[in-house]
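# Quick one, what's the 3D model for this:
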Amino acid sequence: MKSKLVIVSVEKLQSEIVSTLLSFEGIGVYVSLNKTQKGIINLLEKNKVDTKKLFFVDCVGSNKEDKKVIQVSPSKLDELGYAINSFLQEIKGDKFLIIDALSTLMIYNNENQVAAFVRKITKYASNNEIELIAFSPKTKGEEFLNKIFNFFDEVVGK
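Numbers count the residues shown, from 1 in each chain. Below is the predicted model of the structure:
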């Protein structure tokens, strides 16, 4: 499996995520760093994405009690990694991991912490046959993006 970092304008972020999800087979984990799980589900269902095939790690805040949703603070990267791993271990067969708005983690953590987290997640995905797509809006934090480029098999600028 491979990992991909997609750098996209803020305006195109949601449509890129939707088209990526429509292209996947199997079951996946969606890590939301910029919208609640409810907001993401509304957007995805409006665009005909089967949300029953997704587990959610909500870093924004969700009031919904649902066994397919874990709420984790974006400032707690160890807990975030644990939540992702826990869901991925539950999935049998083809699986994928989507992380939206990766640069959002920079608001809550320092650059080195986020880079270490990204390195750990990409390595885990590679070692466990998990397709990983991380999205990051084009930001002023280009130093951060330069730090994490080499952790991904592919980097695409849209």
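# Any figure for the gap between the residue most central in space within the chain and Asp50?
What sits nearest the mean C-alpha location of the chain, by Cα atoms, centre = their mean, is Ile99, with 0.9 Å. According to Cβ to Cβ, to the nearest Å, Ile99 stands 19 Å off from Asp50. In this view, the C-beta of every residue, glycine as well, is placed from N, C-alpha and C.
# What of Ala115?
Counting by Cβ to Cβ, the gap from Ala115 to Asp50 is 33 Å.
# And what about Gly28, helix, strand or coil?
Here Gly28 is strand, with the state taken from DSSP: H, G, I helix; E, B strand; the rest coil.
# C-terminal to the lengthiest helix in the chain, what's the next element?
Taking DSSP state H as the criterion, the chain has its longest helix at helix 111-127. Going down the chain from helix 111-127, the next helix or strand is strand 131-137, by DSSP states H and E.
# Buried ones in the next helix or strand after that following strand, by neighbour count?
Downstream of strand 131-137, the next assigned helix or strand under DSSP H and E is helix 142-148. For helix 142-148, burial by neighbour count (16 or more other Cβ atoms under 10 Å) applies to Phe144, Leu145, Lys147, Ile148.
# Next: stretch 11-18.
Across stretch 11-18, burial judged by 16+ other Cβ under 10 Å covers Leu13, Gln14, Glu16, Ile17, Val18.
# Kindly list the main-chain dihedrals of the closest residue to the last one other than its chain neighbours?
It stands for Val18. Once flanking residues are discounted, Val18 sits nearest to Asn47: 4.5 Å by Cβ to Cβ, 6 or more residues apart in numbering. The phi and psi values for Asn47, taken as degrees, to the nearest 10, are phi -110, psi 20.
# and what of Gly39?
Per degrees, to the nearest 10, the backbone of Gly39 is at phi -60, psi -40.
# what about it, distance to Ser32?
Gly39 is 8 Å from Ser32, where distance means Cβ to Cβ.
# So for these two, which sits in the more crowded spot?
Legend: neighbour count by other Cβ atoms under 10 Å for Gly39 and Ser32, higher for Ser32 (24 against 14).
# what's that one in contact with, if anything?
Counting by Cβ atoms under 8 Å, 6 or more residues apart in numbering, Ser32 touches Ile40, Phe56, Val57, Asp58, Cys59, Val60, Asp100.
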